[in-house]
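Could you look at this predicted model? Sequence included:
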Amino acid sequence: MEMKSPFSFSLLSLALLVVASSCGPAGTTTASEPESGTGGEVKVAPDAPAAPTGEGELKGTLEVQAFKGGYGLDFYEDAAKKFSESHPDLIIKVEGNPRVWEQLKPRLVAGDPPDLMYPGWGMDHWALVADGQLMTLDAALDSPAAGGNGTWRDTFEPALLKLGQQNGRTYVLPYFFNVNGWWYDKSVFDANGWAPPQNYTELLSLCEKIKAKGIAPITYQGKYPYYMMFGMVLPWARSAGGAEVIDRMQRLEPGAWKDPAVLKAAEMIVELRDKGYFETGATAMTHTESQADFVVGKAAMIPCGTWLFSEMKDNLKSTNQLTFFLPPVLGEGKGDPGSVIVSIEPWMIPAKAKNPDAAVAYYKYMTAVGVAKRFVATKGTLTAIKGSDEGSLLPVLQEPSRIFKASGDVWSWQVRDWYKEMHTEVENALTSLLNKELTPEQFVDRCEAAAEKTRYDASIVKHTL
Amino acid sequence: MNGKAARGRFIASFLAPAFALYGIFVLWPLVQAFQISLYQWRGTSDVVRWRGLENYRELATDKVVAEAVGNNLYMLGVGGLLIFALALLFSHAVLANSRLSRAFESIALFPQVASTVVVALLWQFMFHPQFGPIPLLQKSMGLGEFESGWLATPSVALPAVTVAFVWFATGFYILLFTAGLRQIPGEVNEAATLDGCQGWRRFASVTWPLLWSIRRTAVTYLVITVMNTFALVYLMTKGAPDRRTEVMLTYLYELAFTNSEWGSASALAVVNFLLVMALAFGVRLLFRRDPTAART
Amino acid sequence: MKTARTALLVAGLLLVGLPLLWVLVASLKPSLSVISDPWGLPMPPRWANYGEAWTEARISSGFFNSLAATVGTLAILLPVGSMAAYVFARYSFRLSGPLYALMLGGMMFPIFLVIVPLFILMRQLSLLNSLPGLILVYVAFSLSFTVFVMRGFFEVIPEELAEAARMDGAGHASVFWRIMFPLSRPGLTVAGIFNAIGLWNEYGLALVLLQKPEVRTLPLAVADLSQTQQYQADFGALFAALVIVMIPLLVAYALLRHRLHEAMLAGAVKG
């Protein structure tokens, strides 16, 4: 017997489809109004509930789901244990894994989310905001902090708190955060009499010296081009043209990517490539591979965030002295040379959380200075809590902490979270630039086209800086 | 006699358990996925917005979709030819039934038994620009080198991924063709030998036609496997550099999980499904007639 | 001719065997040397990788959950799939064509697309976080392939064997259970092995349908490890875990190899 025509299935399905399209998919709510065509501002779901202040009586169960990355879950579990000592009626469950967002998405759709979550990089938290899935946290932020010194809002670094806000409302909160910059190994540099470059001109002459020694001057995480966006393209564009250039890009303003400053940044990348200052093969490397080459001394410098130490700490030699420095920007640029680019790891309370009071109270406890200080000390990264970096800091954190505090221009690149499709296109264009398939002019043209497409796509929720 | 009714009852009762499970756990969610392709849905709440055929219209003009379909077809064409050539060669070699051939036969399926994670990592190292054996071989043969390694060099990334896929998939087809060759009765081969029909000629005029039904199974299965390739490509390149190795399912994954556009992702799944159906139908047309039937 | 054949087989053995060896060697290396020195030998071998993999990744409980899920699925899948395949192979009836095509359609769809609707369904049925629930889903998702394979086998079983039983007054069902099902053993071997490979390594469905740590399967445990190593760069333990996952399959395959080859000879190839 032969296989019967496979088309009968597709026809049947199409028939089902036609029937089905008259009612929405099971378990969904059809939004009553079609998406408005203006696309001008973020659509705040009107029914996003406000989180309580965490001052009620704490009982029942508190479910915390957290992304298990390089910092593990042990700190949150430990904090839960200590917190529940003073709240005997509350049971706290802390769970998570490295793909926790894949489990959380269906739970959110089904209306059965945890009470507090840190869903990790795979969750589009601005999509959650647009769908009214997160509580607003402003009432809680205006209530007293744990320990009672001032409001909870005052405990956070304002520049970092701002990254979780839209239209004056706060939806997500930072805990630890990342300072992005470059790294060198001080022991290698000292042995050769090199100093970290203060500006781009110094970078070029230093690279020449390093190359002469048979070491690759710079390596990068080519498989994930956003590292180079955060470490080179964006800081250099901001340096060349000032903060306004980046702001216009983030606002999707027409022509923003065509600014000469962006072109300059792309040309700097091309110059480094053409002079042979990048490590051979870096375009294909993962973060682990390129960082390993840096740690073992095959490459002298690498752009990376403050998480570098925690990722590599099990593989460091005793001689390694990883040291942070700001991207070597233009000596005569318009931008603030102390400008520093940061990113946060957001925590949030789902709108349908069953025990939001406990979620707020637990998170308040985590943000108490003493607890946050312990996080900094045990995990080797900085937190968004004021004062948590005081006292004895790990050597790797001293420079990031000093630079962050001294900076008069702390900023973030939110396009990556807001407009994911566009950002993928920008990253692909960057790969093609490195592969000599695009000139710097063509690179900015392609980025501009991606921005334009996003700007006119009414189905994409627009954000404001 | 109520034989007919009994027969009907029997058919129904034997199909019922399979279709009950299949209907509840596969078809019902699938129908919903079909439906989602007509909506905008972010996959993070129960809110959907009606879009009609808009998702499909966008895919039609999406250059990435065109590129991904092209890459899928490249893997099917080039990869498929390689797999078939290798499988035929090795299955003939295996027939010898020596210690060597038995040893080979026993590990031929290993790549499929191993986890895709292993296969992907392994081939990333095989092509690694610094210590990969393939670039080293290439350099030692005076063929120059790709500075970023094969997997990041636009012109050779897709061929490199295809090679990894061939390594992963060929074992199954070797076993399949070996089984087919063993099925060919000894007398047929003897008769051919007596007629002075040897080597390539015997293969072309006797063996190849007799493998007809296996070829059909193999091609059908290959179409389904290639068009649904995901994990290997995702783990090796994620579609890089700049979409050169993007396949339909990696793009679908990006639409759904990165861009939160489940409507477009579902529409792409429907397109992929129709394409597989069309190809499977094409295979059926191609193998409609049994070339051996006329002769017997 | 003979030397060409030998050369080909040796090349084949190396092409497939060396990578297998490489995985074994990598599993005994200290973490970073897997990527910084991928072709070097581990000196001395680091057996601790296995200990770390076993304890860190909850491999032991994952191992038994996976075993239960795989065996449980096959126990339902093979009879249920065979029943349907048998009917499609040997009876002609009006809806046979469309129903068979409908059944095959399931093979042609990416699973992760149905994951959200499936999760909601399983939640309504209270079947989340339960191995029996997962087994039902596994059976459903493995039916297409199983029916596709088994049908080919049922088609080639000679009708005379069934005829004799019918003469003795056996009904349709008892012909199947007494004659046909036992005779389809080669098919069951093929379907069993290929399904077992897929089920043992299955990740996407288990990830979403089993969220409680105590019911999680082996691939989830290993994926945990393989993803955590991105943040901690512990390749040695990852490869050790991968070896632990592969070994049961390789052993099962080695034991069943002859049966599998016989079986493929017997008719899987009929398609």
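Great, that's in hand.

so where is the chain shaky, pLDDT-wise?
Looking at chain A here, since you left the chain open. Judged by pLDDT under 70, chain A has its weakly predicted residues at A:1-47.

my bad, the chain I had in mind was chain C
Regions of chain C meeting the criterion pLDDT under 70 cover residues C:1, C:31-32, C:34-36, C:56-57, C:226-234, C:265-271.

domain ranges for it?
Domain segmentation of chain C under automatic domain parsing yields C:1-46, C:47-270.

can you tell me which of those domains comes nearest to chain B?
Among these, domain C:47-270 comes nearest to chain B, with 3.6 Å by CB to the nearest CB. Quick note: C-beta positions are derived from backbone N, CA and C, even for glycine.

what helix or strand does the spatially closest residue to B:Ala256 that is not a sequence neighbour sit in?
Distances taken as CB to CB, 6 or more residues apart in numbering or on different chains put B:Ala265 closest to B:Ala256, at 3.7 Å, once the chain neighbours are dropped. Assigned by DSSP states H and E, B:Ala265 falls within helix B:262-286.

if I pick residue 185, what's in contact with it?
Looking at chain A here, since you left the chain open. With CB atoms under 8 Å, 6 or more residues apart in numbering or on different chains as the criterion, the residues that contact A:Asp185 are A:294-295, A:297, A:300, A:320-323.

Oops, wrong one, chain C.
The contact partners of C:Arg185, by CB under 8 Å, 6+ apart, come to C:Ala263.

likewise A:Trp101?
Applying CB under 8 Å, 6+ apart as the definition, the contact partners of A:Trp101 turn out to be A:67, A:119-123.

I'd guess it is in a strand, am I close?
No. Under DSSP: H, G, I helix; E, B strand; the rest coil, A:Trp101 sits outside any strand and is assigned helix.

and the stretch 301-450 of chain A, which residues reach chain B?
A:420-421, A:424, A:428-429, A:431-432, A:434-435, A:437 (CB under 8 Å from any CB of the partner chain).

And those residues, which is closest to chain C?
Minimum separation from chain C among these (CB to the nearest CB) is found for A:Lys420, which lies at 17.7 Å.

Number of residues surrounding that closest one?
Other residues near A:Lys420 number 21, with proximity taken as other CB atoms under 10 Å in any protein chain shown.

cool, A:Ala458 as well?
By the criterion of other CB under 10 Å, A:Ala458 has 14 neighbours.

In a strand, it, correct?
No. With three-state DSSP as the criterion, A:Ala458 is assigned coil and is not in a strand.

Next, it: phi, psi?
Geometry field for A:Ala458 lists phi and psi as phi -70, psi -20, criterion degrees, to the nearest 10.

cool, B:Trp50 as well?
Recorded main-chain torsions at B:Trp50 are phi -60, psi 130, according to degrees, to the nearest 10.

Next one, pLDDT for the closest residue to it other than its chain neighbours please.
Counting by CB to CB, 6+ apart, the nearest residue to B:Trp50 once its immediate chain neighbours are dropped is B:Tyr39, at 5.9 Å. pLDDT, B:Tyr39: 93.

same check, this time on B:Glu246
At B:Glu246, the pLDDT value in this model is 97.

ok, now how distant is the nearest residue to it once chain neighbours are set aside from chain C?
Nearest-residue entry for B:Glu246: B:Gly239, 3.7 Å, with adjacent residues in sequence omitted and distances by CB to CB, 6+ apart. The gap separating B:Gly239 from chain C is 15 Å, by CB to the nearest CB, to the nearest Å.

What helices and strands are in contact with the helix or strand hosting B:Pro159?
With the criterion set as DSSP H and E, the secondary-structure element containing B:Pro159 is helix B:157-183. Using 3 or more CB pairs under 8 Å, 6 or more residues apart in numbering or on different chains; DSSP states H and E as the contact definition, the elements that helix B:157-183 packs against are helix B:63-74, helix B:80-94, helix B:99-107, helix B:110-113, helix B:116-126, helix B:212-227, helix B:231-236, helix C:235-266.

repeat that with 6 Å
Helix B:157-183 sits against helix B:80-94, helix B:110-113, helix B:212-227, helix C:235-266, with contacts defined as 3 or more CB pairs under 6 Å, 6 or more residues apart in numbering or on different chains; DSSP states H and E.

okay, now the residue nearest to B:Trp50: neighbour count?
For B:Tyr39, the number of neighbouring residues by other CB under 10 Å comes to 24.

now do B:Leu249
Residues contacting B:Leu249 under the criterion other CB under 10 Å number 24.

number of nearby residues for the residue found closest to it once you drop the neighbours it is linked to in the chain?
Nearest-residue entry for B:Leu249: B:Phe230, 4.0 Å, with adjacent residues in sequence omitted and distances by CB to CB, 6+ apart. The burial metric for B:Phe230, expressed as a neighbour count using other CB under 10 Å, is 18.

Also A:Gly255?
Other residues lying near A:Gly255 total 10 when counted by other CB under 10 Å.

which residues does it contact?
By CB atoms under 6 Å, 6 or more residues apart in numbering or on different chains, no residues touch A:Gly255.

Angles on the backbone of it, please.
Taking degrees, to the nearest 10, you get phi 80, psi 0 for the backbone angles of A:Gly255.

Next, work out how far apart it and A:Leu438 are.
As for A:Gly255, its distance to A:Leu438 is 19 Å (criterion: CB to CB, to the nearest Å).

for B:Asn189, same thing?
From B:Asn189 across to A:Leu438, the span is 58 Å (CB to CB).

Could you do A:Ser86 as well?
When CB to CB is applied, the distance between A:Ser86 and A:Leu438 equals 59 Å.

sorry, back to before: just flag the most distant two among the contacts of A:Asp185.
A:Gly297 and A:Thr323 (14.2 Å; CB to CB).

Just put the contacts of A:Trp101 in CSV and tack on distance to B:Phe203 and secondary structure.
As requested, the contacts of A:Trp101 are arranged in CSV below (distance: CB to CB, whole Å; DSSP: H, G, I helix; E, B strand; the rest coil):
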residue, distance to B:Phe203, secondary structure
A:Phe67, 57, coil
A:Pro119, 58, coil
A:Gly120, 55, coil
A:Trp121, 54, coil
A:Gly122, 51, coil
A:Met123, 56, coil
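
give me the number of residues near residue 192?
In the absence of a named chain, chain A is used. For A:Asn192, the neighbour count with other CB under 10 Å is 13.

wrong one, I was asking about chain B
A count of neighbours around B:Ala192, defined by other CB under 10 Å, yields 18.

And B:Ser13, by the same measure?
Around B:Ser13 there are 13 residues (other CB under 10 Å).

Please give the element, helix or strand, for the closest residue to chain A within the stretch 1-150 of chain B.
Chain A sits closest to B:Pro129 of the stretch 1-150 of chain B, with a gap of 3.1 Å, by CB to the nearest CB. Using DSSP H and E, B:Pro129 maps to neither a helix nor a strand.

so who does it touch?
By CB under 6 Å, 6+ apart, the contact set of B:Pro129 is A:280-281, B:135, B:149.

Likewise for A:Ala237?
Taking CB under 6 Å, 6+ apart, we find A:Ala237 in contact with A:245, A:261-262, A:265.

still on that earlier bit, may I ask you to confirm that the residue nearest to B:Leu249 is in contact with B:Tyr251?
No. The pair B:Phe230 and B:Tyr251 does not pass the contact test of CB atoms under 6 Å, sitting 10.2 Å apart.

Look up the closest residue to A:Cys447, ignoring the ones flanking it.
Nearest non-adjacent residue to A:Cys447, counting by CB to CB, 6+ apart: A:Trp257, 4.3 Å away.

and the one you found, that one's in a helix?
Yes. Under three-state DSSP, A:Trp257 sits within a helix.

Many thanks, we can stop here.
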